[in-house]
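Asks: pasting the sequence and the predicted model now:
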Amino acid sequence: MGWFLVQFQRRLGRFARVGAVAAAATLAAIPLAVPAQAQQGKVLRVALTTGIDHLNPFTAVLAASTQIGRFTFEFLTVPNAEKAEASPALAESWTPSPDKLTWTFKIRTGVKWSDGKPVTAKDAAFTFNRMLTDENARTANGNYVANFETVTAPDDTTLVIKTKTVQVNMNLLDVPIVPQHIWEQVTDLKDPKTDELAIAGVSDGPYQVTEYKPNEYVKFKANKDYWRGAPKVDELQLLQFKDTEAAVNALKQGEVDVINRLNPNQFAALQGQQGITTNAAPGRRYDELAMNFGVQDNANNPIGDGNPVLKDINVRKAITQAVDTQAIVDKVLKGLGQVGGGVVPAVYSAYHWDPSDSEKTKFDLAAANATLEQAGYKKGADGVRTAPGGAKLELRLTGHANRSYDQGVAQYVSGWLKDIGIAVKQDLVSDDELSDRTATGKYDLAIGGYGTNPDPDYALSLHTCAARPSADAKGGSTDTFFCDAQYDDLYKKQLTETDDAKRAEYVKQAQARLYSQYPTIVLDYQNALEAYRSDKFSGFTTQPQPKGAILEQTGYWGVYGATPAGTENAADSGSGNTVLWIVIGAVVVVVLVGGGIAFSRRNKTSEDRE
């Protein structure tokens, strides 16, 4: 470990800077403006209103953190911009054996780490083998390797992965490949110093981290030697704000260039403003109301302090009957979203599931009252029901304090549950506090959400028995702590089914099983509401096209394809020119994006995980 610390100190000394704009985007203040002339075409400033847990790619699970991994590390394959289908990245090609148990990836030559060392198949083999042998290394993406038997690199350009059974998502393993010569020196991936190692900055993606100040900013410089070609901007900054309102004000003042996670009122207010263009795209996230049904770790030991009344499926059913998801879409989202069903959002139509009329638990307060009454929960003189043992139905409801969505949902849910005799204490907290509570089962009801991927495996894996953490809190990437033999069986079937139609049916059946047990209520799929300074940037590469998101992507295309205003016709720095269309409202912009390629075919607790 001594060598690692020495090397870390050297790298940190080489790359760390005391920025002249260190006051940018603190939790308590809006970042100071830098003159537009100096910023335009040189720096892309992205407003962040969500938390960052880690820069360590093995343990980073919040949405913003996983995006940082996408910006800095290359993957074997990435979902392309056009249709979010698997396309070559570090791997030029991938070939399964006839029995589909062995996959051979041809690794691209000529790709280098930012310290000049070549990127080889041995880096990829190290990454996956570390995940196979270290529980902590499986924290973020463990589902991808759960079925791996061996991973080898016979030579620098060949990666061979053998699986125990057929695994159909092998062409889209959403795992950042790390440099072996740096990370093999790390013995404890939970050590906070691993975040500092990431700041020291050895990367092979389009950007390289240069500075990180927790709760304030992450700064990157463009990787001029990126194999697709250098980004069109010299520097990328993720500036953190206490809430979206502060970020919106910064956008209006020209202090940031692009923002997402807007609420409907903010989105509407920005439409038509001079120098600002808005973008609404189908969302790849689901919002949920998770219920602590007596959650456990992977050894079936109870976790946390959830109210035991939620162990009764009748109570969870009544709560579901009392939540009007259509009203949430209409009143909280102002129609800019879709009513929830399964955990695969509607944007991925092939695997999306909605309950049929016979399966659907409809909003009906009278029915919810009847469900509780029949289960023996009687209302007292104060209107609050008591359990058969005498305990009152009083629940804590937690969520993000800085999100207007959570505030709105909390108000509506509290009112509806009061109508059926359940008292609710609202306790909205910081991102970090919410993460801690939901990861350790210290909640009754929790408002949260997850980002999903084009392949349904990740969204489904979050609800398997294997996704629960160990007794010492290692590993695990669970959403609900759900563990159900019937669900797990359907999950395994979809992962091994090579017939697309049959696999889709297993995926839908698994979602139906989850829905029927009421561990969570999928409330909605919000549209991705974004805005950017079109007086400084003429456009961004969206995913999918033509009407996809800029920032809420399963890739790096949005920040990689950012085109500064006035440079649309400049010589492109990438390996080729691809004409992409961004359709925003009634405006159609032609954007030249360097190095785009098109070929055919993943956040962490329920607070804001990827």
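Replies: In hand now; what should we look at?

Asks: where in this structure is pLDDT low?
Replies: Within the chain, the ranges that satisfy pLDDT under 70 run 1-41, 475, 568-610.

Asks: what about stretch 117-125, how long is it end to end?
Replies: Using CA to CA, to the nearest Å, one end of stretch 117-125 lies 16 Å from the other.

Asks: what's in contact with that stretch?
Replies: 74, 76, 90, 105, 107-108, 111-113, 151-159, 177-181, 204 (CB atoms under 8 Å, 6 or more residues apart in numbering). For every residue, glycine as well, the C-beta is placed using N, CA and C.

Asks: now find how far off-centre that stretch is within its chain.
Replies: Centre-to-centre, stretch 117-125 and its host chain are 26 Å apart (CA atoms, centre = their mean, to the nearest Å).

Asks: just the buried positions in it, please.
Replies: By neighbour count on 16 or more other CB atoms under 10 Å, the buried set for stretch 117-125 is Val119, Thr120, Ala121, Lys122, Asp123, Ala124, Ala125.

Asks: also stretch 400-412?
Replies: Buried residues in stretch 400-412 (16+ other CB under 10 Å): His400, Ala401, Asn402, Arg403, Ser404, Tyr405, Asp406, Gln407, Gly408, Val409, Ala410.

Asks: how about stretch 412-425?
Replies: Neighbour-count burial for stretch 412-425 [16+ other CB under 10 Å]: Val413, Ser414, Trp416, Leu417, Ile420, Gly421, Ile422, Val424.

Asks: how far off centre is stretch 353-366?
Replies: 28 Å.

Asks: scratch that, stretch 439-446 is what I was asking about
Replies: Counting by CA atoms, centre = their mean, stretch 439-446 is centred 19 Å from the centre of its parent chain.

Asks: contacting residues around that stretch?
Replies: So stretch 439-446 is contacted by 289-292, 295, 302-307, 310, 319, 395-399, 413, 424, 434, 436-438, 469, 473, 481, 604-607 (CB under 8 Å, 6+ apart).

Asks: buried ones only from those residues, please, as a ChimeraX command.
Replies: Buried members of the contacts of stretch 439-446, defined by 16+ other CB under 10 Å, are picked up in ChimeraX with:
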select :289,290,291,292,295,303,304,306,307,310,319,395,396,397,398,399,413,424,434,437,438,469,481,604,605,606,607
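
Asks: the contacts of stretch 439-446 in helices, which ones?
Replies: Members of these lying in helices (criterion: DSSP state H): Ile319, Val413, Leu434, Asp436, Arg437, Thr438.

Asks: and the gap between the first one and Ala299?
Replies: What it means is Ile319. 28 Å (CB to CB, to the nearest Å).

Asks: remind me, longest helix of the protein?
Replies: Longest helix in the chain, counting by DSSP H: helix 500-517.

Asks: so what secondary structure elements neighbour that one?
Replies: Packing partners of helix 500-517 (3 or more CB pairs under 8 Å, 6 or more residues apart in numbering; DSSP states H and E): helix 457-461, helix 485-496.

Asks: could those go into a markdown table alongside mean neighbour count and distance to Leu55?
Replies: Formatted as a markdown table, these follow (neighbours: other CB atoms under 10 Å; distance: least, CB to CB, whole Å):
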| stretch | mean neighbour count | distance to Leu55 |
| --- | --- | --- |
| helix 457-461 | 24 | 21 |
| helix 485-496 | 18 | 30 |
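
Asks: nearest to Lys378, of those helices?
Replies: helix 485-496 (32.8 Å; CB to CB).

Asks: CA atoms of the closest one as CSV?
Replies: Extracted as CSV, the C-alpha positions of helix 485-496 are listed here (Å, rounded to 0.1, in the frame of the first residue of the first chain):
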residue,chain,number,x,y,z
ALA,A,485,-38.0,-17.1,-5.5
GLN,A,486,-40.6,-16.8,-8.2
TYR,A,487,-39.1,-13.4,-9.3
ASP,A,488,-35.6,-14.7,-9.2
ASP,A,489,-36.6,-17.6,-11.4
LEU,A,490,-38.1,-15.3,-14.0
TYR,A,491,-35.0,-13.1,-13.8
LYS,A,492,-32.7,-16.0,-14.6
LYS,A,493,-34.9,-17.1,-17.5
GLN,A,494,-34.8,-13.7,-19.2
LEU,A,495,-31.0,-13.6,-18.8
THR,A,496,-30.5,-16.9,-20.7
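
Asks: angle of that helix against helix 500-517?
Replies: Angle, helix 485-496 to helix 500-517, by axes from the mean of the first three to the mean of the last three CA atoms, to 10 degrees: 160 degrees.

Asks: what residues does helix 485-496 touch?
Replies: Helix 485-496 has contacts (CB under 8 Å, 6+ apart) with 147, 165-169, 456-457, 460-461, 463-466, 503, 506-507, 509-510, 513-514, 517.

Asks: same deal with stretch 346-358?
Replies: Contacts for stretch 346-358 (CB under 8 Å, 6+ apart): 282-284, 338, 341-342, 344-345, 361, 452, 454, 456, 500, 504, 507-508, 511-512, 515, 525.

Asks: turn the buried ones among the contacts of stretch 117-125 into a named PyMOL selection, would you?
Replies: One line in PyMOL is enough to select the buried ones among the contacts of stretch 117-125; burial here means 16+ other CB under 10 Å:
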select buried, resi 74+76+90+105+107+108+111+113+151+153+159+177+178+179+180+204
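
Asks: filter the contacts of stretch 117-125 down to just the ones in helices.
Replies: The helices, defined by DSSP H, take in Gln180, His181 from the contacts of stretch 117-125.

Asks: among the contacts of stretch 117-125, which are located in strands?
Replies: The strands, defined by DSSP state E, take in Phe105, Ile107, Val151, Thr152, Ala153, Pro154, Asp155, Thr158, Leu159 from these.

Asks: which SSE is Val256 in?
Replies: For Val256, there is no helix or strand it lies in under DSSP states H and E.

Asks: neighbours around it, how many?
Replies: When neighbours are defined as other CB atoms under 10 Å, Val256 has 30 of them.

Asks: and it, how close does it get to Leu336?
Replies: 22 Å.

Asks: can you list which of the buried residues of stretch 412-425 are found in strands?
Replies: Per DSSP E, those map to strands at Val424.

Asks: residues in contact with Phe481?
Replies: Phe293, Val295, Gln296, Ile303, Gly441, Arg468, Pro519 are the contacts of Phe481 under CB under 8 Å, 6+ apart.

Asks: got phi/psi on the nearest residue to Tyr560 once chain neighbours are set aside?
Replies: Nearest residue to Tyr560, sequence neighbours excluded (CB to CB, 6 or more residues apart in numbering): Pro206, at 4.6 Å. Backbone torsions of Pro206, given as degrees, to the nearest 10, read phi -70, psi -20.

Asks: isn't Asp287 right up against Ile521?
Replies: No - using CB atoms under 8 Å, Asp287 is not in contact with Ile521, being 9.4 Å away.

Asks: can you list residues touching both of those two?
Replies: Gly340.

Asks: so the two - more neighbours on which side?
Replies: Asp287 (26 against 23).

Asks: look up how far Gly441 lies from the more buried one.
Replies: Asp287 is 20 Å from Gly441, by CB to CB.
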